[in-house]
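# I would like to see how this sequence folds:
(one chain, ligands or ions: 1)
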Amino acid sequence: MALSGIEIFKHLPKTNCKECGFPTCLAFAMQLASSKVEVSKCPYVKDETKAFLEESQAPPIRKVIIGDNFAIGEETVFFRHEKTFVHPPAICILIKDEEPKSIWEKKIASFNNLKFERIGFMLKANLLFLENSSNLKAKFLELVSYVMKESNGLLCLSSENMDALKAAIEMTKERKPLLYSANQSNIDEIASIAKEYNLPIVAKGEDLESLSSLTEKLISLGIKDIILDSSPKTIKEAFYHQIFIRRQALISKFRPLGFPTIVFPAKLTNDPMKEALYAATFIVKYGGLIVLSDLAGESLFPLLVLSLNIYTDPQRPMAIEEKIYEINGPNEKSPICITTNFSLTYFIVQGEIDASKVPTYLMIMDTGGLSTLTSWSAGKFNGELISAYVKKSKIEEKVSHRKIIIPGYVAGIKGEIEEELKTWEVIVGPREASDIPIFLQKFKT
Ligand code: SF4
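Now for the predicted structure:
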């Protein structure tokens, strides 16, 4: 269990030397307790104390980095409403070296090209899972070489042929691939490869018990970045394993299972629709890497949006960047609309303006992610603040007119804005977004 600031303070030197950047040891302890600094910032903590504090402050599920900075794990709760889920799972595509080259091409094209912009995030699949299904070194290296040329995605190298695996690592080491997998028969050899190249590794057990023995052994061999594969044979078993592993990590603090997991909808069914449903299940129930047999827009998009929603902090409104958005190619005569940066408001308004086909400037103002009426009642969308934003935004340099359209629900602030922006005319727009297209089509600047 994580220590409190006072408990951590008891283990610090208490000299208040300030070398950690904090005025006192107590202040440093408080920051450590909330995981805002690392214990290594204090040069006077003894090694054994440092190890103890790091262990006590570590999340129950270890954070594992794949590539330079793609993180999974570090989760601390069962349900997102308790706190928040931290790192969304990696959506992976499985490519086997025995598949025809035309399939490689198609899968890599889907991986590279299927991207979706949503509330300021670019959503896409994250990792190419390359499988040496032939067990032939030359065939595997041909696939790895092809993928290295055609995509810059994250990689997982899967082979039971250690010679092939090592050669593939040599070709891909700058991308810091994930290794798949350590099992009872190869654990010493693959652990030494993982250590030599400093790469994360999947531990694959035949069941939960053998999996935890494997991770204990990997830990004892000095491997820290581990991902768990419990080899479920059915969706029911996979679902049970995911929940069991999280319970063991969070409630029992059982370190051998305190790692992110990898799951394979691709291997649990041949039905693409079921595969997408299984993937959705693992987005909600604790998958760290989710391996699909292929990527199709109609299933990938909802999966990525589900992941975005599940891994968004429910205590913070989803907001988009404050700026002037240009829709339908506006010019100096185009109307200007203004609204708040609550993402749902933005998407609805942006969609209606887009549908109107009227070139328009949409000014999005930072109201802390609150919707129009909520931000108005909280004093974050009033005449004074809107006027200040209009001046700061330099929208005047983009248009030859001085008319600005405000949401119909805040018609009451028209006078306030005109008080501040003497040269501007404030137009009250529709209350309902669905009326925006007709309003804009009739609007004259
Ligand atoms: Fe205390 Fe260490 Fe910080 Fe010095 S560096 S103030 S001893 S915590």
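
# I'd like the distance between the one residue sitting closest to the centre of the chain and Lys217.
The residue lying closest to the centre of the chain (Cα atoms, centre = their mean) is Pro88, at 4.3 Å. Noted for Pro88: a distance of 30 Å to Lys217, by Cβ to Cβ, to the nearest Å. To be clear about C-beta, it is placed using only N, CA and C from the backbone, and glycine gets the same treatment.

# got it, and Ile91?
Distance from Ile91 to Lys217, by Cβ to Cβ: 30 Å.

# Next: Phe282.
26 Å.

# what's the answer for Glu7, then?
Counting by Cβ to Cβ, the gap from Glu7 to Lys217 is 32 Å.

# Need the nearest residue in space to the residue of the stretch 251-400 of the chain found nearest the ligand, chain neighbours excluded.
The ligand sits closest to Lys253 of the stretch 251-400 of the chain, with a gap of 26.4 Å, by Cβ to the nearest ligand atom. Take Lys253 and drop its neighbours on the chain: the residue closest to it by Cβ to Cβ, 6 or more residues apart in numbering is Pro60, 6.3 Å away.

# For stretch 427-445, list the C-alpha coordinates in CSV.
Extracted C-alpha coordinates of stretch 427-445, given in CSV (Å, rounded to 0.1, in the frame of the first residue of the first chain):
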residue,chain,number,x,y,z
ILE,A,427,-25.8,38.9,-33.6
VAL,A,428,-27.8,36.4,-31.6
GLY,A,429,-27.6,33.0,-33.3
PRO,A,430,-30.0,30.1,-33.0
ARG,A,431,-30.6,28.3,-29.7
GLU,A,432,-30.5,24.9,-31.4
ALA,A,433,-27.5,23.8,-33.4
SER,A,434,-29.8,22.1,-35.9
ASP,A,435,-31.0,25.6,-37.0
ILE,A,436,-27.4,26.8,-37.7
PRO,A,437,-27.3,25.8,-41.4
ILE,A,438,-30.4,27.8,-42.4
PHE,A,439,-29.3,30.7,-40.2
LEU,A,440,-25.9,30.9,-41.9
GLN,A,441,-27.2,30.5,-45.4
LYS,A,442,-29.4,33.6,-44.9
PHE,A,443,-26.8,35.5,-42.9
LYS,A,444,-25.2,38.6,-44.6
THR,A,445,-22.0,40.2,-43.2
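
# Can you list the buried residues in it?
427, 429-430, 433, 436-437, 439-440, 443 (16 or more other Cβ atoms under 10 Å).

# Those residues in helices, which ones?
Taking DSSP state H, the ones among these that sit in helices are 436-437, 439-440.

# Reformat the residues you listed as JSON lines; add pLDDT and distance to Gly383.
Below are these laid out as JSON lines (pLDDT from 0 to 100; distance: Cβ to Cβ, whole Å):
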{"residue": "Ile436", "pLDDT": "97", "distance to Gly383": "22"}
{"residue": "Pro437", "pLDDT": "96", "distance to Gly383": "27"}
{"residue": "Phe439", "pLDDT": "97", "distance to Gly383": "22"}
{"residue": "Leu440", "pLDDT": "97", "distance to Gly383": "23"}
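
# Pick the one among those residues closest to the ligand.
Among these, and counting by Cβ to the nearest ligand atom, the member closest to the ligand is Ile436, at 56.6 Å.

# The closest one contacts Ser356, correct?
Yes. Contact criterion Cβ atoms under 8 Å: Ile436 and Ser356 qualify, at 6.3 Å.

# Looking at Glu7 and Lys217, which has the bigger crowd around it?
The residue with more neighbours, out of Glu7 and Lys217, is Lys217; 17 against 14, by other Cβ atoms under 10 Å.

# and the helix or strand of the chain with the lowest mean pLDDT, how far out from the chain's middle?
Least confident helix or strand, the chain: helix 47-57 with a mean of 84, by mean pLDDT, DSSP states H and E. Counting by Cα atoms, centre = their mean, to the nearest Å, helix 47-57 is centred 28 Å from the centre of its parent chain.

# list the contacts for Ala2?
33, 56-57 (Cβ atoms under 8 Å, 6 or more residues apart in numbering).

# Mind exporting the C-alpha coordinates of the lengthiest helix in the chain to CSV?
Ordering each helix of the chain by length in residues (DSSP H) puts helix 235-250 first. In CSV, the C-alpha atoms belonging to helix 235-250 read as follows (Å, rounded to 0.1, in the frame of the first residue of the first chain):
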residue,chain,number,x,y,z
ILE,A,235,-13.5,-15.6,-24.4
LYS,A,236,-15.0,-16.7,-21.1
GLU,A,237,-11.6,-17.8,-19.9
ALA,A,238,-10.0,-14.7,-21.2
PHE,A,239,-12.5,-12.5,-19.4
TYR,A,240,-12.0,-14.4,-16.2
HIS,A,241,-8.2,-14.1,-16.4
GLN,A,242,-8.3,-10.4,-17.0
ILE,A,243,-10.4,-9.8,-13.9
PHE,A,244,-8.5,-12.3,-11.8
ILE,A,245,-5.2,-10.7,-12.7
ARG,A,246,-6.4,-7.2,-11.9
ARG,A,247,-7.9,-8.4,-8.6
GLN,A,248,-4.6,-10.1,-7.6
ALA,A,249,-2.6,-6.9,-8.5
LEU,A,250,-4.9,-4.4,-6.8
